[in-house]
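Undergrad: Any chance you can model this:
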Amino acid sequence: MQTIVLHNRLTPGWLVMLAVKLGIGLLLLGAGVTALVRGNASESHWLTLVGGPAMIAAGLFDLRLLLDRRPQLTLTPEGLLDHRMREPRLVPWARVVSIFHDSTNGHRLHVTLSGLDPALFTGPGTEKSLVSGKDVVVTLEHVDVSFNDLERLVHQVAPGVVFSSLTRKQHDAQGRVG
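TA: Predicted coordinates for the structure are as follows:
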């Protein structure tokens, strides 16, 4: 059986967002410092002194993700291992009821678990679903895989995992793409 390791991806959209966050942060910080130096700092200028560094910090966080070449997700015959958590935990395929894709709030997977507490699987790349107490939401925004490719890869390592009918492909009774 094979193991598939997925890393972060570098996209033009990421680079644009990084430049926008750093640019806005520097602009806000510059406006706040200029107002402070001139002695005409008002309440709004104090907000720029706080907002500027916050935007710069968000940009630096994205830069850290962008340059991180460590594995993000590992697909093994036993389950899905999310390395972005403080203590990576394996989500066993045997406990996965279904997986469906949600692109309305970013590129995310909803993994419905059977008999496991979703709180055990939350961290920087995952969260407990607000919709269902049995779902773990795995964000894929920065991982170098499309949903269709992920579905194909998961079926290579764990053919029995069922992807929801919300995907655009037909499945047989065992959840295999037909």
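
Undergrad: any idea of the mean pLDDT in stretch 120-136?
TA: Across stretch 120-136, pLDDT averages out at 61.

Undergrad: List the buried residues in the helix ranked longest in the chain.
TA: If you go by DSSP state H, the chain has its longest helix at helix 12-38. The neighbour-count check on helix 12-38 (16 or more other CB atoms under 10 Å) flags 14, 18, 21, 22, 24, 25, 28, 29, 31, 32, 35 as buried. Every C-beta, even on glycine, is put in place using the N, C-alpha and C of the backbone.

Undergrad: And that helix, how far out from the chain middle?
TA: With CA atoms, centre = their mean, to the nearest Å as the basis, helix 12-38 stands 25 Å off its chain's centre.

Undergrad: One more: stretch 83-91?
TA: That offset, for stretch 83-91, works out to 13 Å (CA atoms, centre = their mean).

Undergrad: Quick one: end-to-end length of it, please.
TA: 11 Å (CA to CA, to the nearest Å).

Undergrad: excluding its backbone neighbours, what's nearest residue 57?
TA: The shortest distance from residue 57 to any residue other than its chain neighbours is 7.8 Å, reached at residue 25 (CB to CB, 6 or more residues apart in numbering).

Undergrad: Need the per-residue pLDDT for the one you found.
TA: Reported pLDDT for residue 25: 94.

Undergrad: what's across from the residue nearest to the spatial centre of the chain in the sheet?
TA: Central residue of the chain (CA atoms, centre = their mean): residue 139, 2.8 Å from the mean position. Here residue 139 sits in beta bridges with residue 108, going by DSSP bridges.

Undergrad: show me the contacts for the residue lying closest to residue 88 once chain neighbours are set aside.
TA: Excluding the flanking residues, the one nearest residue 88 by CB to CB, 6+ apart is residue 81, at 5.6 Å. By CB atoms under 8 Å, 6 or more residues apart in numbering, the contact set of residue 81 is 73, 74, 75, 88, 89, 90, 91.
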